[in-house]
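Novice: fold the following, please.
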Amino acid sequence: MGTEDSRSEAGAWQSDSKSTSNEAVPFATIAFHSRDSGITVGDWRSPADDEMALLEVLLSAPFRGAKSLRGRLPNIVLRQVDADGSLSILDRSQSSLPLRLPRIPVEATYLDVDGAIVHLLLHVDSDQMIEMELYREDLRPVNNSCPHPSLLKLDWQQPE
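Specialist: Numbering: from 1, shown residues only. As a prediction, this is how the structure comes out:
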């Protein structure tokens, strides 16, 4: 792994598991209630500027497939999946290249407002970005889920 300090409406469909029919529902209508946070999450939306900046920093690491994933950023929508600010990612282009990426090709760490270490992981499945996960090492709630990109310390899988 290499390390570096960085300075620098959804059109998909998913079957509804609660439905007794085979009817598909659009992702944008699916929501769930988080037991831990008491918040309702589930609406797909365009990334905010600060979220896009974090994804761009993660994808600036020179891991295999980073360039291809960067090219997909204009096609993504996000939804918050937990109180810490983790985001599910949907690539509306549905393009796929046989990159054979590891499940977590890149991650970053930064210090939360109280000094605790926060991990920011980019999850990939079938060569598609699927989640940007945040968690604190001490497993307490994350206070700053969208740090300034210059605060991220990157760690990635070396190119083969």
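Novice: I'd like the average pLDDT over stretch 95-107.
Specialist: For stretch 95-107, mean pLDDT rounds to 83.
Novice: neighbouring contacts of it?
Specialist: Under the contact criterion C-beta atoms under 8 Å, 6 or more residues apart in numbering, stretch 95-107 has outside partners 58-59, 61, 63-66, 68, 72, 75, 119-128, 154-157. Heads up, the C-betas are built off the backbone N, CA and C, glycines and all.
Novice: now stretch 137-154
Specialist: So stretch 137-154 is contacted by 2-8, 48, 50-51, 53-54, 56-58, 60-61, 83-85, 106-114, 116-120, 134-136 (C-beta under 8 Å, 6+ apart).
Novice: now a PyMOL select for only the buried ones of those.
Specialist: In PyMOL syntax, the buried subset of those is picked out as below (16 or more other C-beta atoms under 10 Å):
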select buried, resi 6+51+53+54+57+58+60+61+83+84+85+106+107+108+109+110+112+118+119+120+134+135+136
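Novice: ok so, going back, filter the contacts of stretch 95-107 down to the ones in strands?
Specialist: 119-125, 128, 154-156 (DSSP state E).
Novice: could I get those as a markdown table with pLDDT and distance to residue 99?
Specialist: Below are the ones in strands among the contacts of stretch 95-107 laid out as a markdown table (pLDDT from 0 to 100; distance: C-beta to C-beta, whole Å):
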| residue | pLDDT | distance to residue 99 |
| --- | --- | --- |
| 119 | 97 | 23 |
| 120 | 97 | 21 |
| 121 | 96 | 18 |
| 122 | 96 | 13 |
| 123 | 95 | 14 |
| 124 | 91 | 8 |
| 125 | 88 | 12 |
| 128 | 88 | 10 |
| 154 | 96 | 19 |
| 155 | 94 | 19 |
| 156 | 90 | 14 |
